[in-house]
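# quick one, what's the 3D model for this:
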Amino acid sequence: MTRGGSFPARRGKADPPPPTLGHLASAARRLVGATVAAAYPETLWMMDPVAAIVIALLIFLSWTSRAREDTDSLVGRAAPTELLSLVAFISVTHSPLILQLEKLRGYTLGTRCWIEIDIVISPSTPLRLAHDAGESLQRRVESLPEVERCFVHVDVDVEHRDSDEHPCWGGER
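Here you go, the predicted model:
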């Protein structure tokens, strides 16, 4: 038993918000129903179906709005500019081994973001040090509450094309 109830309160970083929209729709339905029942006696029998249609439209519009918001967060929209600016600052100041931030991409996936970082390190840097710098940067960015996952790619130059490094399936090589 926990304080204030019979279920333990568990709220992690990725838990959805409580179902307030459903509660709001239920309260609106009860309010309109009570108002119509009190204001219009049995002589205006058509007000009951009209009120039901109005309530159904209100619920439909509220859930359509919520579905649009959820769809936007699931289709991989660009991450917020403030978050990308913060990640860029963290990336260039994280380690003296990092010479340059080559690319930074961020997109939403659910309630949080996925970040892709391409950094440039000197070709003379030992592999273990380059790996440790990339991995510690990954962990640091993933510690941000808005970030679900971070991918760090370490390069030794900026003079290459993505098409050379990652050719498309069935495309020219």
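
# what residues does the longest strand along the chain touch?
Assignment by DSSP state E gives strand 98-109 as the longest strand of the chain. With contacts defined as Cβ atoms under 8 Å, 6 or more residues apart in numbering, strand 98-109 is touched by 72-74, 76-79, 83-84, 87-88, 91-92, 113-122, 133, 137, 148, 155, 158. For every residue, glycine as well, the C-beta is placed using N, CA and C.

# got the buried residues for whatever helix or strand comes next after it?
Counting by DSSP states H and E, the element after strand 98-109 in chain order, helix or strand, is strand 112-121. Neighbour-count burial for strand 112-121, counted by 16 or more other Cβ atoms under 10 Å, picks out R112, C113, W114, I115, I117, D118, I119, V120, I121.

# which one of those residues is nearest E142?
Distance to E142, by Cβ to Cβ, is smallest for I115 among the buried residues of strand 112-121, at 8.3 Å.

# could you tell me the model confidence score at the closest one?
At I115, the model reports a pLDDT of 95.

# just checking, it touches E146?
No. The pair I115 / E146 is not scored as a contact, 9.3 Å apart, by Cβ atoms under 8 Å.

# so what sits against both of those two?
A79.

# for stretch 64-81, give the mean pLDDT please.
Regarding stretch 64-81, the rounded mean pLDDT is 80.

# which residues touch it?
L21, G106, Y107, T108, L109, G110, T111, C113, I115, E146.

# of those, buried ones?
Taking 16+ other Cβ under 10 Å as the criterion, what is buried in the contacts of stretch 64-81 is G106, T108, C113, I115, E146.

# count the neighbours of V147 for me.
21 (other Cβ atoms under 10 Å).

# I'd say it and Q138 touch.
No. The criterion here is Cβ under 8 Å, and V147 misses it with Q138 at 10.0 Å.

# which residue ranges form the helices in this structure?
20-39, 47-74, 81-93, 127-142, 162-165 (DSSP state H).

# can you add distance to Q100 and give those helices back as TSV?
What follows is those, written out as TSV (distance: least, Cβ to Cβ, whole Å):
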stretch	distance to Q100
helix 20-39	45
helix 47-74	31
helix 81-93	8
helix 127-142	13
helix 162-165	16
